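Participant: Have a look at this prediction, sequence included:
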Amino acid sequence: MYPPIFPVVNSSSAVRALLKSGPGELRFYQWGLAPQPVQKPYAVWSRVYGEPGNYLGQVPDADSFTLQIDIYSDSAETSRNVALAIRDAIEPVSYITNWLGESRDPDTKNYRYSFQNDWIVERA
């Protein structure tokens with residue numbers, strides 16, 4: 001019932017080069033679980049939508065999910081570079097469905113890059 005987003009992203013050396021802050025620590029968090037204060041850049045993911053693959057006469061064999069990924073940094077270039085690395089890590093196993101754009105928070109001055117991706121996860 002969970003897409004394997006963290007293990008997929010964590011297996012990417014490009015992502016680790018940008019988001020690794022110490023042994024075993026990747027600054028890629030489920031939404032709402034990033035420690036504060038957190039070193040930038042960092043990224044968060046959240047489940048926007050999910051459903052089982054329902055069938056008549058049998059138990060579902062897969063679940064589908066839409067996730068949103070948001071990258072935060074001190075510069076637009078850095079947030080874009082992290083987005084590219086995450087995109088390259090997840091595209092072999094999921095589908096990018098929406099580029100949600102870029103913004104800058106008026107209070108924190110953080111740059112944000114945001115996109116969504118869809119997963120079909122087979123049940124074990």
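Facilitator: Structure received. Residues are numbered from 1 along each chain as shown.
Participant: low-scoring pLDDT stretches of the protein, where are they?
Facilitator: Along the chain, no part satisfies pLDDT under 70.
Participant: now with 80?
Facilitator: Where the chain drops to pLDDT under 80, the residues are 1, 22-24.
Participant: Can you show me the helices along it?
Facilitator: All helices of the chain, identified by DSSP state H, fall at 5-10, 13-19, 76-90.
Participant: could you dump those helices to JSON lines with mean neighbour count and distance to residue 36?
Facilitator: C-beta here means a position set from N, CA and C on the backbone, and glycine is covered the same way. Conversion of the helices of the chain to JSON lines gives the following (neighbours: other C-beta atoms under 10 Å; distance: least, C-beta to C-beta, whole Å):
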{"stretch": "helix 5-10", "mean neighbour count": "16", "distance to residue 36": "20"}
{"stretch": "helix 13-19", "mean neighbour count": "17", "distance to residue 36": "17"}
{"stretch": "helix 76-90", "mean neighbour count": "19", "distance to residue 36": "19"}
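Participant: Out of those helices, flag the one nearest residue 46.
Facilitator: helix 5-10 (10.1 Å; C-beta to C-beta).
Participant: just checking, what packs against the closest one?
Facilitator: Where contact means 3 or more C-beta pairs under 8 Å, 6 or more residues apart in numbering; DSSP states H and E, helix 5-10 is packed against strand 25-26, strand 28-30, strand 42-52, helix 76-90.
Participant: Alpha carbons only: can I get it in PDB?
Facilitator: Taking Å, rounded to 0.1, in the frame of the first residue of the first chain, the C-alpha atoms of helix 5-10 are listed here in PDB:
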ATOM      1  CA  ILE A   5       9.700   6.200  -3.600                       C
ATOM      2  CA  PHE A   6      12.300   6.400  -0.900                       C
ATOM      3  CA  PRO A   7      14.400   3.300  -1.900                       C
ATOM      4  CA  VAL A   8      14.300   4.300  -5.500                       C
ATOM      5  CA  VAL A   9      15.400   7.800  -4.900                       C
ATOM      6  CA  ASN A  10      18.000   6.700  -2.300                       C
END
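Participant: If we ignore the residues flanking it in sequence, what's nearest residue 75?
Facilitator: residue 111 (6.1 Å; C-beta to C-beta, 6 or more residues apart in numbering).
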